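Colleague: this one's sequence-less:
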Ligand SMILES: Nc1ncnc2c1ncn2[C@@H]1O[C@H](COP(=O)(O)OP(=O)(O)O)[C@@H](O)[C@H]1O
Ligand SMILES: Cc1cn([C@H]2C[C@H](O)[C@@H](COP(=O)(O)OP(=O)(O)O)O2)c(=O)[nH]c1=O
């Protein structure tokens, strides 16, 4: 087997609505980079860690019973946001930072932008509090946001799912979509590196776009690929 190349560690995040194709594209990018002999790890949020397990119970509606009122009651968006922030800090401590320090390229399926889009709800004023509780989180080197229409996402989700997570309802995802737009604009103004790519076309087409974005952001990793100049 060829020896792995040395990388200075890169942190790349995929974002999008449920069904946008983030898992598919994170895996395609990982395979491509592995074939090029780069050390890569793919990870995702919510994680498989202790906080992630609680979050998955919330998302699958199995943690909705209130001991006080004896009623069915979903946790508030703010409580869920704190669980995600705690899960993210644990993820950073136990996987993301150690791997980056080893020089591994970390590809993460969802990160803090998901909290901004999904937990902001109907009020954009919530963004600054969400940013505060995530302020200890390392900023990714690159966030790739897959902009896939609600109807395409819905079609893709219905292909292989027999249940719906907490947020997988058209009326909620419509709000999440607007929140993505709002939060991305705000983060770009703060200098965060976010690229939006059309997620609607077939997998290979989307991947081609992603690859050219990755190559132009990390040219030192692809020294043979000369940039195209307009003449
Ligand atoms: N560009 C694409 N065109 C068609 N189908 C896709 C595309 N990307 C993903 N899919 C399919 O859609 C479904 C959801 O994709 P997935 O990557 O799991 O989405 P996400 O992780 O964003 O929820 C999967 O069955 C996957 O094979
Ligand atoms: C990371 C994160 C995810 N989520 C939501 C988005 C998804 O609906 C859900 C589970 O994510 P995931 O299992 O990645 O679902 P999918 O493969 O469909 O993208 O968690 C938040 O609400 N806030 C967050 O901070």
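Modeller: That came through, no problem. Just so you know, these numbers come straight off a predicted model, no measurement behind them. Residues are numbered from 1 along each chain as shown. Ligands and ions are numbered 1, 2, ... in the order given.
Colleague: Check the gap between residue 101 and residue 9 for me.
Modeller: For residue 101, the distance to residue 9 (CB to CB, to the nearest Å) stands at 7 Å. Where you see a C-beta, it was placed from the backbone N, CA and C, and this is true even at glycine.
Colleague: who's more crowded, these two?
Modeller: Neighbour totals were compared for residue 101 and residue 9, and residue 9 leads with 16 against 9 (other CB atoms under 10 Å).
Colleague: residues in this structure within reach of ligand 2, list them.
Modeller: Counting by CB under 6 Å from any ligand atom, the positions of the chain adjacent to ligand 2 are 18, 22-23, 44-46, 59, 84, 109-110, 114-115, 118-119, 165, 167.
Colleague: Now restrict those residues to buried residues only.
Modeller: Neighbour-count burial (16 or more other CB atoms under 10 Å) is assigned, among the residues of the chain next to ligand 2, to 18, 22, 44-46, 59, 84, 109-110, 114-115, 118-119, 167.
Colleague: Out of these, flag the one nearest to residue 201.
Modeller: Nearest to residue 201 among those is residue 22, at 15.0 Å by CB to CB.
Colleague: phi, psi of the residue nearest to that closest one when sequence neighbours are not counted?
Modeller: Nearest residue to residue 22, sequence neighbours excluded (CB to CB, 6 or more residues apart in numbering): residue 14, at 4.0 Å. Backbone torsions for residue 14, taken as degrees, to the nearest 10, come to phi -110, psi 140.
Colleague: which ones are touching residue 14?
Modeller: Residue 14 makes contact with 22-23, 25-26, 107-110, 143-144, 146, according to CB atoms under 8 Å, 6 or more residues apart in numbering.
Colleague: which other helices and strands contact the lengthiest helix in the chain?
Modeller: When the chain is parsed with DSSP state H, its longest helix is helix 170-189. Identification of packing neighbours for helix 170-189 by 3 or more CB pairs under 8 Å, 6 or more residues apart in numbering; DSSP states H and E yields helix 112-119, helix 126-133, strand 142-147, helix 150-160, strand 194-198.
Colleague: So residue 214 sits against residue 12, correct?
Modeller: Yes: contact criterion CB atoms under 8 Å: residue 214 and residue 12 qualify, at 7.2 Å.
Colleague: who's more crowded, these two?
Modeller: With neighbours defined as other CB under 10 Å, residue 214 and residue 12 compare such that residue 12 has more, 26 against 22.
Colleague: Could I get the contacting residues of that one?
Modeller: So residue 12 contacts 29, 105-108, 140-144, 214 (CB under 8 Å, 6+ apart).
Colleague: if we take those, which one ends up nearest to ligand 2?
Modeller: residue 108 (9.2 Å; CB to the nearest ligand atom).
Colleague: The closest one falls within a strand, correct?
Modeller: Yes: assigned with DSSP: H, G, I helix; E, B strand; the rest coil, residue 108 falls within a strand.
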